[in-house]
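Engineer: I would like the atomic coordinates for the input below:
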Amino acid sequence: MSHCLLELESVAHAYGERQALQDFSLSVDQGQRVGILGPNGAGKSTLFKVLSGLLEPQAGTMRYRGQVIAVGEPSFRARCGVVFQSASLDELLTPLENLIVSGGFYGQSGADLQQRSKQLLKTMGLEERQHDQVGELSGGLKRRVELARALVHRPEILLLDEPTTGLDELQYRRFWADLDRLREEEGISVLLVTHRPDEAERCDHLVFLNEGRTVACGSPDVLKAQVTDSVLAVTTEAVEALTAFLEVQGIQGDWAGDRVVFSSTAGHALIPRLVESLPAGAVQSVALRQPDLGDVFVAVTGRRLEEES
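Structural biologist: Below is the predicted model:
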C-alpha cells in the first residue's frame, strides 16, 4: 500500500501578468520517483522554488504526510535534500568539509556526521578526493559531491532541478547509477524537474508541464502508448525533393540543415518509397525508432522540449 508523502493542491503563482503556475496539483508517494517534464518557460523553475522553500505561491496548499505546511517551514526543509541546477558548493572547501558544514545546518555533528559524510563519499567513488579542494574537481565529480551533500542529513525526499546539466554521457550515467543505488539503500522518494526525456524515463510517474499547467500525466509507458507513429530521421542532400515528397504524404517534418525528423504511421513501409522518390545516392542515412517522451510531449503540446521560452 502506497503512502502519500508530499502533496501540492491547486498551486498558482504569477509574475505580473504572466501566469507561471496555474492550478497545479501533484502527489509523491513514499519511495516513488516523480518527474516534471517541460521546456524552458513551462513553470518548472517556479515550481522548484516553491518546493525548496524559496518562493511562497499566491494560491494553493502544500501538505507533507497529510499535514499542511508553510513554504520554507524548517521541519519540512529538514526532511528534504535539494540539488539545484546551478552549482552551490563552496569550492574553497573539500568535499568532506562541504558535507560536514551542510550537516551542521540540520543539527548534525560529531562522529556520526563524520562517519555519514565519509560513507557517502566512499559510496560515490570520492574517497580518494575527499580532502581535495572542490574547485579542483571535474564537473561530474562536483555533481556527485552535491548529491552526497543533499543526502547527508538522511532526508525522506530528494528534490532535483535539472541535476545532470553540463555532464557528459559517462558522467550522466554515473550520476544516475549513484542515485539509484542510494535510493535503493535508503528508500528515499525523488522529485525530478527536467527537460530531458531520457531522464524522465527513469521516473515511476510523470507530469508534463506546459505554460504553467499540467497537460498530461502517467507512467512513461502509459504516456508513450498515446503516440503510435514511428519516428524517422533522414539525412539527404536532396532537401527540396524530400520536402516535396513529405508534402504529398501530408507529413510535416522538422528540418535541421540536411536532416529531417518526422512521424509516420507507415513506418518501415514508407522508407523504400521515400528512397525511390529521391535521386540515386541522395539519401545518406535513414533511422527508424519508436517514439520517446520528447515525441509524446510534441504530440500533446505542439512544443519541443528544447524550445526557448
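Engineer: just for this protein, where's the confidence low?
Structural biologist: 1-2, 307-309 (pLDDT under 70).
Engineer: mind listing the helices for it?
Structural biologist: Remark: helices assigned in the chain by DSSP state H are 44-51, 74-77, 95-105, 110-123, 139-151, 169-186, 197-200, 220-224, 239-249, 270-277, 293-301.
Engineer: can I get stretch 114-125 in PDB, CA atoms only?
Structural biologist: Extracted in PDB, the C-alpha atoms of stretch 114-125 (Å, rounded to 0.1, in the frame of the first residue of the first chain):
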ATOM      1  CA  GLN A 114      31.900  12.400  10.100                       C
ATOM      2  CA  GLN A 115      31.000   8.800   9.500                       C
ATOM      3  CA  ARG A 116      27.900   9.600   7.400                       C
ATOM      4  CA  SER A 117      29.900  12.100   5.300                       C
ATOM      5  CA  LYS A 118      32.800   9.700   4.600                       C
ATOM      6  CA  GLN A 119      30.500   6.800   3.800                       C
ATOM      7  CA  LEU A 120      28.500   8.800   1.300                       C
ATOM      8  CA  LEU A 121      31.700  10.000  -0.400                       C
ATOM      9  CA  LYS A 122      33.000   6.400  -0.500                       C
ATOM     10  CA  THR A 123      29.800   5.200  -2.000                       C
ATOM     11  CA  MET A 124      30.100   7.700  -4.800                       C
ATOM     12  CA  GLY A 125      33.700   6.800  -5.500                       C
END
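Engineer: off-centre distance for it?
Structural biologist: Between the centre of stretch 114-125 and the centre of its chain there are 25 Å (Cα atoms, centre = their mean, to the nearest Å).
Engineer: ok, the most centrally placed residue in the chain - contacts?
Structural biologist: The residue lying closest to the centre of the chain (Cα atoms, centre = their mean) is residue 194, at 2.5 Å. Contacts for residue 194 (Cβ atoms under 8 Å, 6 or more residues apart in numbering) come out as 35-37, 44, 160, 162-163, 200. Heads up, the C-betas are built off the backbone N, CA and C, glycines and all.
Engineer: for residue 85, find the nearest of the helices of the chain.
Structural biologist: Closest to residue 85 of those is helix 44-51 (Cβ to Cβ; 8.1 Å).
Engineer: what is that closest one packed up against?
Structural biologist: strand 4-15, strand 18-29, strand 157-161, strand 189-194 (3 or more Cβ pairs under 8 Å, 6 or more residues apart in numbering; DSSP states H and E).
Engineer: quickly run through the sheet partners of the last one, with directions.
Structural biologist: By that I understand strand 189-194. According to DSSP bridges, strand 189-194 forms sheet pairs with strand 33-37 (parallel), strand 157-161 (parallel).
Engineer: wait, which of those strands is closest to residue 50?
Structural biologist: Per Cβ to Cβ, nearest to residue 50 of those: strand 157-161, 10.5 Å.
Engineer: relative to residue 46, how far out is the closest residue to residue 49 other than its chain neighbours?
Structural biologist: Spatial nearest neighbour of residue 49, excluding adjacent residues (Cβ to Cβ, 6 or more residues apart in numbering): residue 55 at 3.7 Å. Distance, residue 55 to residue 46, using Cβ to Cβ, to the nearest Å: 7 Å.
Engineer: with neighbour numbers in mind, choose between these two.
Structural biologist: Using other Cβ atoms under 10 Å, the more surrounded residue of residue 55 and residue 46 is residue 46, with 23 against 18.
Engineer: return the residues in contact with that one.
Structural biologist: 13, 20-21, 55, 212.
Engineer: which of those sit farthest apart?
Structural biologist: 55 and 212 (13.7 Å).
Engineer: let me have the helices and strands packed on helix 44-51 in TSV, extended by distance to residue 60.
Structural biologist: Formatted as TSV, the helices and strands packed on helix 44-51 follow (distance: least, Cβ to Cβ, whole Å):
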stretch	distance to residue 60
strand 4-15	3
strand 18-29	7
strand 157-161	17
strand 189-194	16
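Engineer: residue 118 is nearest to which of those strands?
Structural biologist: strand 157-161 (20.1 Å).
Engineer: what does that closest one rub up against?
Structural biologist: 5-6, 28, 44-45, 48, 51-52, 79-85, 150-151, 179, 183, 188-194.
Engineer: any idea how far residue 15 lies from residue 188?
Structural biologist: In terms of Cβ to Cβ, residue 15 sits 32 Å off from residue 188.
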